[in-house]
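> mind folding the following:
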Amino acid sequence: MNELAYGLEEENRHWDDFREVIGIFHNLKGYDGVFLQEQMVKEKRRFEFIIPNGTKDLCMQVGKTVYKDSMCFLPMALSAFSSTFGISKLKKGFFPHKFPTSEHQSYVGPLPAAEFYDPDGMSEKKKQEFEAWYEQEKRKNRPFHLKKKLSFIKLKAIAQFDPMEKCVTIAQACNRYWRKCVMIPDSMAIEPDCGWEGARPNHSHVALEWLLCTERDLGTRLQHARHGGEYSIPQGPIVHRVDGYDAQSRTIYEFHSYLFHGCRDCYPQRNQIPFSTSGLIVEACRRQTTQKISKLRQIGYTVVEMRQCQWERLKKSRKGIGEFIQSLTLTTPINPRDAFSGGWTGVRTLYHRVDPTQREQIRYVDVTSEYPWVNKYGEYPVGHPTIYLEPENQDPNAY
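Residues are numbered from 1 along each chain as shown. I've put the predicted structure just below:
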């Protein structure tokens, strides 16, 4: 495989460099990829990265060498390239695919024999074209340079960037060309992974409800995930992150959820291991929380705690909390069932058992293709918004 990418060691002075190489095969996924995989098995190696399309591979990487399929960019035979695009001055002709061997690598001489072009593997029409072309080339009596012929059949970048370098398909290349060469810089706002609020790290929206309600009751602003980020308290090799912090009074506000803090009322079976606690039992989660709170108090902080089950009871019993929470604009965790709504995924019934006696059938109807419509007629944001968690408390005259 190294010889395929870099050539013979004695002929290539870059052999030891192992530079990045992109190998291009026309119909890699349907033909050439099989031979690459066969050679990898012989060398007892494996591809480090593969992009599959069903049982076919569009892209394969080993070391610094990436193999791609040019048919993903030009879905036609290379011999049909000029006729497909109406280019009369460019003609690929025919290439002796059986001729390039180790002893012919530097071949310069008469036109190779016709059998090296595999005429028996051609269609009847293509074979007639080949025979006429071959007789015409023989009459020209030009020397055949194998290395030059190999260089002529390589693809060439024509769009201010090399589509083969970063792309695998023509759709990806078109998108990259539009973004790189056509799209005006900073003309489209892309929402950050954690939202426009800039909240880092991941946090509980229920905890944020309590913190915002506490801010309202105290008449002050607390530092939390949506306001300045969670406050960090280093203690030796350990860094404690707290849900809320008031720097003026050195008060820490900690919200304890059912699961991650091992609530004894909600999880009476203390030895069970919840699915998302990194293998810790419930009692171990509770013990970690208790130790953290104890250390924070030992180094001089006032700690106010709230358990999630206690907060849920407060929302129902204390007047005004529910109305305040309804006025907030908080991003809640995604509900998988929301995916079955509108566009290509809209469904009338989530589950239905077919009655074979009634000859029932389940069919799919694409009423309106949502995404093409949005791309053609919809509007995209051109700037990043300013997020206000309490819009009712904002003065419109200030903007």
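
> quick one: residues in contact with stretch 301-313.
The contact list for stretch 301-313, computed with Cβ atoms under 8 Å, 6 or more residues apart in numbering, reads 206, 209-210, 214, 233, 249-258, 261, 263, 265-266, 293, 296-297. Every C-beta, even on glycine, is put in place using the N, C-alpha and C of the backbone.

> how long is that stretch end to end?
End-to-end span of stretch 301-313 (Cα to Cα, to the nearest Å): 27 Å.

> next one: stretch 311-326
15 Å.

> any idea of the pLDDT on V168?
The score at V168 is 90. That number is its pLDDT.

> give me the nearest residue to it, chain neighbours excluded.
Nearest non-adjacent residue to V168, counting by Cβ to Cβ, 6 or more residues apart in numbering: C59, 4.9 Å away.

> same question, H145
Spatially, and ignoring its direct neighbours in sequence, H145 is nearest to V108 (5.3 Å; Cβ to Cβ, 6+ apart).

> my guess is the one you found contacts R142. True?
No - if you go by Cβ atoms under 8 Å, V108 and R142 don't touch, sitting 10.9 Å apart.

> quick check: which element contains H240?
Secondary structure from DSSP states H and E places H240 in strand 238-242.

> neighbouring strands for that strand, and are they parallel or not?
The pairing partners recorded for strand 238-242 under DSSP bridges are strand 231-235 (antiparallel).

> filter the contacts of stretch 301-313 to the buried ones?
Buried members of the contacts of stretch 301-313, scored by 16 or more other Cβ atoms under 10 Å, are 206, 209-210, 214, 233, 251-258, 261, 263, 293, 296.

> quick one: which of the contacts of stretch 301-313 sit in helices?
Taking DSSP state H, the ones among those that sit in helices are 206, 209-210, 214, 293, 296-297.

> greatest separation within the residues you listed: which pair is it?
E209 and R297 (24.8 Å; Cβ to Cβ).

> could you pull out the strands for the stretch 51-200 of the chain?
Using DSSP state E, counting those that start in this stretch, the strands of the stretch 51-200 of the chain run over residues 56-62, 65-69, 108-109, 144-145.

> turn those strands into a markdown table, including distance to I334.
Output for the strands of the stretch 51-200 of the chain, formatted as a markdown table (distance: least, Cβ to Cβ, whole Å):
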| stretch | distance to I334 |
| --- | --- |
| strand 56-62 | 30 |
| strand 65-69 | 35 |
| strand 108-109 | 65 |
| strand 144-145 | 60 |
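
> of all these, which one is nearest E20?
Closest approach to E20 among the strands of the stretch 51-200 of the chain (Cβ to Cβ): strand 65-69, 7.7 Å.

> can you check what angle separates the closest one from strand 56-62?
Orientation check (axes from the mean of the first three to the mean of the last three Cα atoms, to 10 degrees): strand 65-69 against strand 56-62 gives 160 degrees.

> partner strands of strand 65-69 and their direction?
Note on strand 65-69: by DSSP bridges, its sheet partners are strand 21-25 (parallel), strand 56-62 (antiparallel).

> with distance to V239 added, can I get those strands in CSV?
Below are these laid out as CSV (distance: least, Cβ to Cβ, whole Å):
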stretch, distance to V239
strand 21-25, 43
strand 56-62, 38
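
> for the stretch 101-250 of the chain, which spans come out with low pLDDT?
Under the criterion pLDDT under 70, the flagged ranges of the stretch 101-250 of the chain are 149-160, 194-201.

> swap in 50 and give it another go.
152-157 (pLDDT under 50).

> tell me the domain boundaries of the protein?
For the chain, the structural domains run 1-90+160-188, 93-150, 205-327, going by the TED database.

> in TSV: the ones you listed, plus distance to Y377.
Formatted as TSV, those follow (distance: least, Cβ to Cβ, whole Å):
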stretch	distance to Y377
domain 1-90+160-188	16
domain 93-150	46
domain 205-327	33
